[in-house]
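Student: Kindly generate the corresponding structure for this input.
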Amino acid sequence: MEQVEQIGNLNLDFTYKIEFLDFLIKLVLSIVFSYILSFSFRKFGHSINRSTNLISNSIILSIIVTLIITVVKSSLALSLGLVGALSIVRFRNAIKDPLELLVYFSSIGIGLSNGADQFLASGLFSIVVLLFNYTNFKLKKRIITDQSTILLLKFSSSISLDYIVSKLDKLLKKEYKLISMTKNNSNVEACFELYDLTSKELISIQKFDDKVSVEIIPSTY
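Tutor: The predicted structure follows:
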């Protein structure tokens with residue numbers, strides 16, 4: 001009988017009203033915390049995939065999860081409906097970069113925390129991840145010459161790849177290889193893998209060209 005009474009006391013109301021100000025605060029905090037988190041992964045994470053889409057996707061994911069948790073947390077009926085809806089969702093595209101998977105899981109965690117009014121937990125989590133990524137980046141940057149290195153060059157499409165390669169040939173007297181090249185509107189991103197760089201070569205690469213944006217990333221492989 002006691003269990004029946006507990007079930008009867010559960011909220012099965014579909015007309016649960018969300019307070020506008022409370023929901024707005026949750027959305028703003030989700031945007032801020034997920035931006036800090038995804039930016040730290042993109043800026044300090046050792047990954048080849050450093051597209052700005054990673055930030056926007058993680059923010060949108062955090063907002064979606066915040067909305068879902070806010071709507072269903074006070075209604076058992078909506079919670080059960082959510083379980084049924086998610087059971088038909090299938091993801092067809094595999095995520096090849098483990099770091100990208102971490103970003104999305106972290107964004108889901110932030111959305112869950114904010115949707116459940118655990119703002120302190122999501123805020124501390126994003127700050128801790130930022131500090132960890134920054135510290136890890138600095139430590140690995142010190143030993144960058146002892147391992148393979150990822151060189152990410154961003155330049156206008158008016159600059160040819162032959163020009164970039166010729167510049168690299170002059171700066172480096174050793175083997176390197178092109179990993180990927182993507183074109184977005186009028187900009188091009190070319191990713192190279194370099195080997196056993198010296199401190200002098202690192203300084204030379206950093207002054208590659210005024211028209212080319214240079215990022216040097218220690219490889220995790």
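Student: Poorly predicted segments of the chain, please.
Tutor: Low-confidence segments of the chain (pLDDT under 70): 1-17, 46-52, 74-97, 140-147, 218-221.
Student: show me where it has strands.
Tutor: 149-156, 176-184, 187-194, 213-218 (DSSP state E).
Student: For residue 133, see how far away the closest residue to residue 26 other than its chain neighbours is.
Tutor: Nearest non-adjacent residue to residue 26, counting by C-beta to C-beta, 6 or more residues apart in numbering: residue 114, 4.7 Å away. Just so you know, the C-beta spots here come from the backbone N, C-alpha and C atoms, and that holds for glycine as well. According to C-beta to C-beta, to the nearest Å, residue 114 and residue 133 sit 21 Å apart.
Student: quick one, which of the two is more surrounded?
Tutor: Between residue 114 and residue 133, residue 114 has the larger neighbour count (other C-beta atoms under 10 Å), namely 29 against 20.
Student: Would you enumerate the residues in contact with the more buried one?
Tutor: By C-beta atoms under 8 Å, 6 or more residues apart in numbering, residue 114 lies in contact with 26, 29-30, 33, 62, 66, 69, 122.
Student: and residue 110, which of the strands of the chain is closest to it?
Tutor: Nearest to residue 110, of all the strands of the chain, is strand 213-218, at 25.0 Å by C-beta to C-beta.
Student: Domain parsing of the protein, as residue ranges.
Tutor: Per the record, the chain has its domains at 2-142, 144-218, by automatic domain parsing.
Student: Surely residue 193 is in contact with residue 175?
Tutor: No - taking contacts as C-beta atoms under 8 Å, residue 193 lies outside contact range of residue 175: 9.4 Å.
Student: returning to that earlier point: can I get the strands of the chain in a markdown table with mean neighbour count and distance to residue 118?
Tutor: Formatted as a markdown table, the strands of the chain follow (neighbours: other C-beta atoms under 10 Å; distance: least, C-beta to C-beta, whole Å):
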| stretch | mean neighbour count | distance to residue 118 |
| --- | --- | --- |
| strand 149-156 | 18 | 36 |
| strand 176-184 | 13 | 37 |
| strand 187-194 | 19 | 37 |
| strand 213-218 | 16 | 34 |
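Student: possible to save these as CSV with distance to residue 201?
Tutor: Output for the strands of the chain, formatted as CSV (distance: least, C-beta to C-beta, whole Å):
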stretch, distance to residue 201
strand 149-156, 10
strand 176-184, 11
strand 187-194, 8
strand 213-218, 10
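Student: closest to residue 40 out of those strands?
Tutor: strand 213-218 (14.3 Å).
Student: Let me see the ranges of the helices in this structure.
Tutor: For the chain, helices defined by DSSP state H occupy the ranges 2-9, 20-44, 53-72, 76-86, 98-115, 119-142, 161-171, 199-206.
Student: In contact with the closest residue to residue 168 other than its chain neighbours, which residues?
Tutor: Nearest non-adjacent residue to residue 168, counting by C-beta to C-beta, 6+ apart: residue 176, 6.5 Å away. Contacts for residue 176 (C-beta under 8 Å, 6+ apart) come out as 151, 168, 192-195.
Student: how about the nearest residue to residue 154 once chain neighbours are set aside, what does it touch?
Tutor: Using C-beta to C-beta, 6+ apart and skipping the chain neighbours, the partner closest in space to residue 154 is residue 213 (4.0 Å). Contacts for residue 213 were tallied using C-beta under 8 Å, 6+ apart; they are 153-155.
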